[in-house]
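*Asks:* 3D, please:
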Amino acid sequence: FSFNIDGGRCDECQGEGTIKVEMQFLADVYLVCESCGGKRFKEEVIDVKYEGLNIDDVLNLTVNEAVEFFGKGKNSTEKKIVRKLIPLQDVGLGYIKLGQSSSTLSGGESQRVKLASFLAKEKETPTLFIFDEPTTGLHFHDIRKLLDAMNALMERGHTIVVIEHNPEVIKSADWVIDLGPEGGDAGGEIVAVGTPDDLRRHPYSHTGKALCEYDKALGLGTHEVAEKSGWIMPALVLTPPVHSDNTHIQIVNAKEHNLKSLSVNIPHGKFTVVTGVSGSGKSTLAFDILFNEGQRRYLESLNAYARSIVQPAGRPEVDAVYGIPPTVAIEQRLSRGGRKSTVGTTTEVWHFLRLLYVKLGIQHCIHDGAAVQPQTPDSIVSQLLKNFKGQHIGLLAPLVINRKGVYTELADWARPRGYTHLRVDGNFLPTTGFPRIDRFKEHNIELPVASLDITADNEPALRLALTVALEHGKGVVYVLSNLAGLR
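*Replies:* Got it, this is the predicted structure:
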């Protein structure tokens, strides 16, 4: 029940649902797959239904419809699905479909999907979340839902830093950092730091002026503004970090890009907004300083091999950053996922949907249609004694199933244990001088554990051989019959 692996996905479109037609001088064209009709699964997968819906029908449900559909169930998997979906409703995304491709989401929607995935996790470690203008394209009603979701994160002990211009978000913040005074080379300095009320009274802050005008438009009254000539911006005093009372993230003398020896404190467990005119250094402070430094410190804790795989960003140009927790950056851009990345996979609700449908299915033998069921070793012995009485059979333990490789190491493993042959793709090959098989072809390899006559006198030997076969086959054993020539 996954369109990312063989067996369930459509072989024609490889689970894409579309066929790519390359054009020589024009943009590539994607046509609906004729084999699966855009459903991305094989027919036998689509035939499995839960409460009248197959897996494709479920992926075409909106979040609101899915919550209502699975909310009727009472088993543990359905409850887990609903728990994963509720955060999507909380951030105002009840209208998107579970199977909607991540590449079709707007920047704001992508951020909120990622936010919902963290809301659904029962995470204990306090984390710093950095958002880049998450309200872009949102109605005021949805902004309130977004703020409620952020408050839910802070109630769990997390810290929120948001780059934002929306006055509704700024006035809801616990702490505001206003950068400027202008953009580009004229920016990179702190204009004001404090609560939203502090910014309203600041004579030089463009953000403070915008807040006053916003409040006036809403009829919330006026605020007293200090005279420009008499206003003295209080100096920001940074003290060395106190590890017993680590209440702030402390940034000392940041000089990255256009930041001019910027030093600032960001309180832990609070909602902090970084604002200012365009080009004033907001993204530099949030992502190039905070996130990159947090990521760099995390990677330094890994071993040398792990660090060689992940190439971190360079060390930011800052004297010191104290008290930074594990950091998650939720930028305003489309998901990095490909065409198979969906809302369901991003929020991890897809794992539970697959589990739900896998539990519904019952495997059947391809030869006689009998239901495949787990059995005890005793029941297997009884069946062998009944069905193959008087015959000579072989017991094989499956070691490799439909996997690519040369597998000379299996022959090296089997040889000193007394096994003279391996069965590779239906042919018995010697473990001594094991031939090199095609590494790019999928192979099935079994270990011949024993060949014996099925008689009452041989039952002890049968039980012993079956135990060894089940051990090597990890609970699975193959039986070869009609082996009279091996007596």
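*Asks:* so what's the residue count around residue 375?
*Replies:* Other residues within reach of residue 375, judged by other Cβ atoms under 10 Å, total 12. C-beta: built from backbone N, CA, C; applies to glycine.
*Asks:* then the one 10 residues further on?
*Replies:* When counting by other Cβ under 10 Å, one arrives at 15 neighbours for residue 385.
*Asks:* what does residue 44 give?
*Replies:* Quick note: residue 44 (other Cβ under 10 Å) scores 10 neighbours.
*Asks:* how close does it get to residue 292?
*Replies:* 48 Å (Cβ to Cβ, to the nearest Å).
*Asks:* quick one, strands of the stretch 351-487 of the chain?
*Replies:* 392-404, 421-424, 427-430, 442-453, 478-480 (DSSP state E, counting those that start in this stretch).
*Asks:* who are the packing partners of the fourth one?
*Replies:* Other elements packing on strand 442-453 under the criterion 3 or more Cβ pairs under 8 Å, 6 or more residues apart in numbering; DSSP states H and E are strand 392-404, strand 421-424, helix 459-472.
*Asks:* residue 282 touches residue 179, doesn't it?
*Replies:* Yes - applying Cβ atoms under 8 Å as the test, residue 282 and residue 179 come out as touching, 5.8 Å apart.
*Asks:* now do the shared contacts for those two.
*Replies:* 274, 275, 276 (Cβ atoms under 8 Å, 6 or more residues apart in numbering).
*Asks:* list just the nearest of those residues to residue 53.
*Replies:* residue 274 (44.8 Å; Cβ to Cβ).
*Asks:* which residues does that closest one form beta bridges with?
*Replies:* Note on residue 274: beta-bridge partners by DSSP bridges are residue 163, residue 177.
*Asks:* higher neighbour count, residue 282 and residue 179?
*Replies:* For residue 282 versus residue 179, the count of surrounding residues by other Cβ under 10 Å is larger for residue 179: 29 against 25.
*Asks:* where are the low-confidence patches of the protein?
*Replies:* Where the chain drops to pLDDT under 70, the residues are 24-26, 122-124, 220-245, 311-313, 331-340, 484-487.
*Asks:* mind checking which residue lies nearest the centre of it?
*Replies:* With distances taken as Cα atoms, centre = their mean, the residue of the chain nearest its centroid is residue 346 (5.2 Å).
*Asks:* without its sequence neighbours, what residue ends up closest to it?
*Replies:* Spatially, and ignoring its direct neighbours in sequence, residue 346 is nearest to residue 113 (5.2 Å; Cβ to Cβ, 6 or more residues apart in numbering).
*Asks:* next up, the contacts around that neighbour.
*Replies:* Counted by Cβ under 8 Å, 6+ apart, residue 113 has contacts 88, 93, 96, 102, 105, 335, 343, 346, 347.
*Asks:* and the furthest pair within the residues you listed?
*Replies:* 88 and 335 (14.6 Å).
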